[in-house]
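Novice: pasting the sequence and the predicted model now:
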Amino acid sequence: MKNKKQVGHIISFFAGVAKLKGLPNVFINETLLDKDNKEVAIVIGFDLDHVEALFFQNNFDLNEPVYRSNKTFSIQISENVTGRIINGLGKPIDNLGNIESDNYPVFTNSPTIIDRESINQPLSTGIKILDTTLPLGKGQRQLIIGDRKLGKTTIATDIVLNQKNATPLVQCVYVICGQKEKKLKDLISLFEKNNAFLYTTIVTATSNATFAEQYLAPFVGCTIAEYFRNKNQDALVVYDDLSSHAKTYRNFALLLERSPGRESYPGDVFSIYAGLLERSAKIANGGSLSALPIIETQESDITSFIPTNLISITDGQIYLEQGLFQKGFLPAVNVGLSVSRVGSSAQPKILKNIVGGIRLALSQHKELQKLSQLETVLSNQAKKKIHRGEMILELLKQPKHVNISWPEQVVLFYVVEEGFFDQIASNQWSEFENSLLKLVKNKYPNILEQIKNNKFDDSVKTSIKQMIKDFQNEFIIKLDMQ
Ligand SMILES: Nc1ncnc2c1ncn2[C@@H]1O[C@H](COP(=O)(O)OP(=O)(O)O)[C@@H](O)[C@H]1O
Ligand SMILES: [Mg+2]
């Protein structure tokens, strides 16, 4: 028997965004039911005389009453979510059947300080410029930020693809919000081609999904990733992208006539993302949840409202730059404007020792290059530094969807340090690199295995030197013959 007082009637409704009267005791995030006890909406706010709700369908009959459920919005999660495609309401849309399981509330509190420990394990990205100069750790929140079409999605997907080699497993959740349908299709085929569905779930609310779905998708994705975190596993969630999400949020807030703040965003937009991202954590002696929120800027303006908000609630940012992209420097990461505040304490020691000088070499290179435009005569030492800087820049380029493991990066940059690239002409650097990485992967996997097990003593170094000497001669002879 439904309590009469608990009935709600729609007083305004547009595109699923509704104001209702009645329902005096509802709580925030509570679901509302139709007469058949089906969940039809979520409460997102209230005023003295009305309740605000997002309906799950845009064509709800406005004359129908709705009822309280007394339940907070929850979704079903089990191990079986891996490999599935889920909508913004947490329901599978891939025709592979229901996910039979328990209910998990989607809006939960983040772990307390006491639950957490500091970041202490690397999250390998397989992207050289990140693993060497902007290393990530498990539990970190790292923002990927830049104008459209500079490779933000590519970086996020490639980090997911790299987890196929991760031991222990890193469970991934890729949330698409506010993107075109085509992006979802591209993502599915990329993940299929690379077997990423073995450890990944997609949560999708494309730009034609309802407001409710688009609003809820990041929280649904986070809740799925959190499920694995709470089982002492490692999880990674991508939010692609939160600037579209913020716009959706602004749109329905304006429809509800909430008072607009800076850039017309409602005042609570900051706390929404703070709450979402605080759920990332490295749990003491337990699992971890890392997060990669993506923000698209307009004309590289990182000082507008949403970018500054997100920068302040993440542990660093990967900043992509148009100029670098146009010059063909891909991934177009501006190392100077990017930071990783917590990851370096988790960077594998061997890699840290080998690449420690890269950031410095790059900044020196920039300065010296400026100087070389002023002065005609440069000391030999300065010339050498410019040369080395150019080499490192060239070697930090990386095509998309090609993961390079951190032990491979150790070999590569050790070989650079030992001067083996110095005899190679600059236009052959990248070919030399490719052949070298192929060689060590195919013929000397034991070198990589030893590095992976944190062994980098003289015997490993000698094997690398021996391998590279033979190979270098072959390479140079081959070049001479061409
Ligand atoms: N490292 C890379 N190598 C080659 N092409 C890349 C690389 N990174 C990005 N691209 C290309 O740049 C374009 C934009 O990338 P995308 O990730 O979709 O950008 P965004 O998400 O910033 O809009 C795509 O065509 C993509 O294939
Ligand atoms: Mg994108």
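Specialist: Noted; the coordinates are in hand. Ligands and ions are numbered 1, 2, ... in the order given.
Novice: tell me how this protein divides into domains.
Specialist: What automatic domain parsing lists as the domains of the chain is 4-72, 76-347, 353-481.
Novice: for the second one, how far is the first residue from the last?
Specialist: End-to-end distance of domain 76-347 (CA to CA, to the nearest Å): 36 Å.
Novice: anything in that domain near ligand 1?
Specialist: Yes. Remark: domain 76-347 sits within contact range of ligand 1 at 146, 148-154, 330-331, by CB under 6 Å from any ligand atom. All C-beta spots, glycine's among them, are computed from the backbone N, C-alpha and C.
Novice: now the buried members of the residues you listed.
Specialist: Neighbour-count burial (16 or more other CB atoms under 10 Å) applied to those gives 146, 150-154, 330-331.
Novice: now render the domains of the chain as JSON lines, adding mean pLDDT.
Specialist: Output for the domains of the chain, formatted as JSON lines (pLDDT from 0 to 100):
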{"stretch": "domain 4-72", "mean pLDDT": "94"}
{"stretch": "domain 76-347", "mean pLDDT": "96"}
{"stretch": "domain 353-481", "mean pLDDT": "88"}
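Novice: can you map out the strands along the stretch 251-400 of the chain?
Specialist: Secondary structure of the stretch 251-400 of the chain (DSSP state E, counting those that start in this stretch): strands at 281-282, 288-296, 316-319, 339-340.
Novice: adding mean neighbour count, write these out as TSV.
Specialist: Below are these laid out as TSV (neighbours: other CB atoms under 10 Å):
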stretch	mean neighbour count
strand 281-282	26
strand 288-296	27
strand 316-319	24
strand 339-340	20
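Novice: and of these, who's closest to Ala205?
Specialist: Nearest to Ala205 among these is strand 288-296; the distance by CB to CB comes to 14.6 Å.
Novice: hang on, the earlier thing: pick the most deeply packed of the domains of the chain.
Specialist: domain 76-347 (a mean of 20; mean count of other CB atoms under 10 Å).
Novice: out of the buried ones among the residues of domain 76-347 next to ligand 1, which sit inside helices?
Specialist: 152-154 (DSSP state H).
Novice: in TSV, list these along with distance to Thr31.
Specialist: Output for those, formatted as TSV (distance: CB to CB, whole Å):
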residue	distance to Thr31
Lys152	33
Thr153	32
Thr154	37
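Novice: can you tell me which of those lies nearest to Asn309?
Specialist: Set against Asn309, the nearest of these by CB to CB is Lys152 (17.2 Å).
Novice: from Thr210, how far off is the closest one?
Specialist: Relative to Thr210, Lys152 is positioned 25 Å away (CB to CB, to the nearest Å).
Novice: what's the answer for Thr157, then?
Specialist: Going from Thr157 to Thr210 by CB to CB gives 26 Å.
Novice: still on that earlier bit, for Pro218, find the nearest of the strands of the stretch 251-400 of the chain.
Specialist: strand 288-296 (8.4 Å).
Novice: surely Ile42 is within a strand?
Specialist: Yes. The assignment for Ile42 (DSSP: H, G, I helix; E, B strand; the rest coil) places it in a strand.
Novice: the closest residue to it other than its chain neighbours: neighbouring residues, count only.
Specialist: Spatial nearest neighbour of Ile42, chain neighbours left out: Phe73 (5.0 Å); criterion: CB to CB, 6 or more residues apart in numbering. Using other CB atoms under 10 Å, Phe73 is surrounded by 25 other residues.
Novice: Phe73 is in contact with Leu216, isn't it?
Specialist: Yes. Between Phe73 and Leu216 there is a contact at 7.2 Å, judged by CB atoms under 8 Å.
Novice: what's the overlap in contacts for those two?
Specialist: With contacts defined as CB atoms under 8 Å, 6 or more residues apart in numbering, the residues shared by Phe73 and Leu216 are 42, 106.
Novice: what secondary structure does Asp49 sit in?
Specialist: What three-state DSSP gives for Asp49 is coil.
Novice: renumber starting at 445 from here on
Specialist: Sure thing, new numbering starts at 445, so read that last one as Asp493.
Novice: need phi/psi at it.
Specialist: phi -110, psi 0 (degrees, to the nearest 10).
Novice: what sits against it?
Specialist: Asp493 is in contact with Lys465, counting by CB under 8 Å, 6+ apart.
Novice: separation between it and Pro662?
Specialist: Distance of Asp493 to Pro662, computed by CB to CB: 30 Å.
Novice: and Ser816, by the same measure?
Specialist: Distance, Ser816 to Pro662, by CB to CB: 47 Å.
Novice: spatially central residue for the chain, please.
Specialist: Nearest to the mean C-alpha position of the chain, by CA atoms, centre = their mean, lies Leu736 at 2.6 Å.
Novice: partner residues bridging it?
Specialist: For Leu736, the beta-bridge partners under DSSP bridges are Val682.
Novice: can you tell me the SS state at the closest residue to Lys913 other than its chain neighbours?
Specialist: Of all residues not flanking Lys913 in the chain, Phe864 sits nearest, at 7.9 Å (CB to CB, 6+ apart). Following three-state DSSP, Phe864 is assigned to coil.
Novice: could you do the one 3 residues further on as well?
Specialist: Recorded secondary structure, Gln867: coil (three-state DSSP).
Novice: right, and it touches Ile920 too?
Specialist: Yes. The pair Gln867 and Ile920 qualifies as a contact (CB under 8 Å) at a distance of 6.7 Å.
Novice: one step back: pull the most distant pair out of the buried ones among the residues of domain 520-791 next to ligand 1.
Specialist: Thr597 and Leu774, at 13.3 Å, using CB to CB across those.
Novice: which residue does the stretch 645-794 of the chain have closest to ligand 1?
Specialist: Closest contact between the stretch 645-794 of the chain and ligand 1, by CB to the nearest ligand atom, is at Leu774 (3.7 Å).
Novice: who touches that residue in this structure?
Specialist: Per CB under 8 Å, 6+ apart, neighbours of Leu774: 595, 768, 841-844.
Novice: what do you get for Lys535?
Specialist: Ile519.
Novice: for Glu740, see how far away it is.
Specialist: Applying CB to CB, the value for Lys535 to Glu740 is 27 Å.
Novice: pLDDT score for the residue nearest to Ile486?
Specialist: Looking at Phe517, its pLDDT stands at 98.
Novice: tell me the contacts of it?
Specialist: With contact set as CB under 8 Å, 6+ apart, Phe517 has these partners: 473-475, 486, 549-551, 660.
Novice: now, the most widely separated pair of those?
Specialist: Within the contacts of Phe517, Glu474 and Leu660 form the most distant pair, 13.6 Å apart (CB to CB).
Novice: overlap of the contact sets of those two?
Specialist: Common contact partners of Glu474 and Leu660 (CB under 8 Å, 6+ apart): 486, 517.
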